[in-house]
Structure formats: structure tokens, C-alpha cells
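[1] Provide a 3D model corresponding to the input given below.
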Amino acid sequence: MARALTARGLDAHTLDLKPNDGSAPLEDLAAQIAAFAADRFPGPFDLVGFSMGGVVSRYYLQRLGGAERVRRFVTIPSPHHGTMTALLSN
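    Coordinates of the predicted model:
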């Protein structure tokens with residue numbers, strides 16, 4: 001998606017949250033978004049989260065002050081109401 005947005009003349013940045021296997025708490029992953037945003041964006045920005053990244057991004061918005069910085073927020077199929085797949089994890 002970042003390549004497609006860049007091809008359309010938009011400034012797109014990507015962030016890979018670590019770990020990305022569901023073993024870290026939401027607050028730890030959302031803190032990575034907060035640090036990335038503080039480092040890269042001096043003003044308002046748009047935030048897109050894919051899958052679990054959308055849930056983590058929502059935590060950033062709701063609990064870590066991201067709502068003050070984010071202009072638009074989009075999630076693409078994020079499990080905001082949970083998922084049965086989570087039952088398969090440890």
C-alpha cells in the first residue's frame with residue numbers, strides 16, 4: 001500500500017511493530033507507534049492500520065494521546081471485536 005500511495009504523490013511511511021506475533025501487550029506496541037510518530041511527524045498525520053496494527057493504532061489514539069495528532073484514522077480488516085484465531089495462541 002505504501003508504494004501505491006507514494007506513486008500517487010503522497011508521503012507514506014511504514015512501521016513494523018516488534019514483536020509481531022501477538023506476544024507483546026498492546027501498550028508496548030502502541031508505544032512504538034507513539035515514538036515513531038513523535039520522531040517523524042511534527043504536525044498532524046493520517047494513520048492507516050492493517051489487521052492487528054489497526055487495533056494497536058486505536059490504542060495509541062485512545063490511550064497515548066494519538067487522537068491529538070492524527071487527522072484521519074483508517075483500519076483495514078482489524079479485529080476490533082476480537083477474533084477466534086486468538087484462542088489458538090498461547
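
[2] If you count neighbours, what's buried in stretch 45-55?
    For stretch 45-55, the neighbour count (16 or more other CB atoms under 10 Å) marks L47, V48, G49, M52, G53, G54, V55 as buried. In this view, the C-beta of every residue, glycine as well, is placed from N, C-alpha and C.

[3] oh sorry, the question was meant for stretch 67-82
    Under 16+ other CB under 10 Å, the buried positions of stretch 67-82 are R69, V70, F73, T75, S78.

[4] Please apply the same query to stretch 18-37.
    Neighbour counts over stretch 18-37 (16+ other CB under 10 Å) mark A24, L29, A30, A31, Q32, I33, A34, A37 as buried.

[5] ends of stretch 14-30, how far apart?
    End-to-end span of stretch 14-30 (CA to CA, to the nearest Å): 14 Å.

[6] Figure out how far that stretch is from the centre of its chain.
    9 Å (CA atoms, centre = their mean, to the nearest Å).

[7] Okay, now stretch 18-29: how far is its last residue from its first?
    The first and final residues of stretch 18-29 sit 7 Å from each other (CA to CA).

[8] tell me the mean pLDDT over that stretch?
    Averaging pLDDT along stretch 18-29 gives 93.

[9] Okay, now the unreliable bits of the chain?
    86-90 (pLDDT under 70).

[10] host element of the most centrally placed residue in the chain?
    The centre of the chain sits closest to S57, judged by CA atoms, centre = their mean, with a distance of 3.5 Å. For S57, the element it lies in under DSSP states H and E is helix 52-63.

[11] Which member of the buried residues of stretch 45-55 is positioned nearest N20?
    Minimum distance to N20 across the buried residues of stretch 45-55 is 7.7 Å, recorded for M52 (CB to CB).

[12] OK, contacts around R69?
    Counting by CB atoms under 8 Å, 6 or more residues apart in numbering, R69 makes contact with A37, F41, P44, F45.

[13] Cross those residues against helices and list the overlap.
    If you go by DSSP state H, these have A37 in helices.
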